[in-house]
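Trainee: Fold the following and give me the result.
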Amino acid sequence: MRFKNVFLLLFCFFLSCKTYSPFKSYKEKKEALKLIQDEIKLANNNYKLLKKTDTILFEIANSLKVNYRKPLLERRIDSLLKNKYNKYEFIVILKLDRINTDFVFEFDREKKSKTYFEIKTYEEAEKFFRNIDSIISKQMGIRKSN
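Mentor: Next comes the predicted model:
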């Protein structure tokens, strides 16, 4: 009976060990940290704040790997550090920017500016969604059959 309890305790311990999800390994995480530190100039305290969250590090590293526009990425990181974006908004906006390079996405909380995309007719909407569909298909490697 005692052996089963020790075995159960060890099993729970191994399950609770720290994982590096979204990264596949600790080595991949270290490489991402080095890439971010080399490419983006941040103060040490800001770098430590970003270093705490693996998902943010993963998205920033992916953006740097696909030759993301560096001034835009630095502006996004600055906005995150100033709490203009929360963690989830930051991740979503980086993914959207990586998918579509034609225009820059911005969150408009005040809804005062007229810079948002406006669709007036059905044809414009159909063209827009066809473009989005083709971009997503290219990114994910999906082939369409007629």
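Trainee: and the longest helix along the chain, what does it pack onto?
Mentor: What stands out as the longest helix in the chain, according to DSSP state H, is helix 122-140. In this structure, helix 122-140 packs against helix 87-99, with contacts taken as 3 or more CB pairs under 8 Å, 6 or more residues apart in numbering; DSSP states H and E. Quick note: C-beta positions are derived from backbone N, CA and C, even for glycine.
Trainee: Pull the distance from the helix it packs on to the chain's centre.
Mentor: Between the centre of helix 87-99 and the centre of its chain there are 5 Å (CA atoms, centre = their mean, to the nearest Å).
Trainee: Any buried residues in it, and which?
Mentor: Neighbour-count burial for helix 87-99 flags 90, 91, 93, 94, 97 (criterion: 16 or more other CB atoms under 10 Å).
Trainee: what's the model's confidence in that helix, averaged?
Mentor: In this model, helix 87-99 carries a mean pLDDT of 82.
Trainee: again, but for stretch 58-70
Mentor: Stretch 58-70 comes out at a mean pLDDT of 83.
Trainee: Residues touching it, excluding its own?
Mentor: Residues outside stretch 58-70 that contact it (CB atoms under 8 Å, 6 or more residues apart in numbering) are 22-23, 31-32, 35-36, 39-40, 50, 73, 77, 90-91, 94-95, 97-98, 101.
Trainee: Kindly recompute the last result at 7 Å.
Mentor: Applying CB atoms under 7 Å, 6 or more residues apart in numbering, the contact partners of stretch 58-70 are 22, 23, 32, 35, 36, 39, 73, 91, 94, 97, 98.
Trainee: what bits of the chain have low per-residue confidence?
Mentor: 1-21, 100-105, 107-117, 143-146 (pLDDT under 70).
Trainee: quick one: residue 58 from residue 137, how far?
Mentor: Relative to residue 137, residue 58 is positioned 23 Å away (criterion: CB to CB, to the nearest Å).
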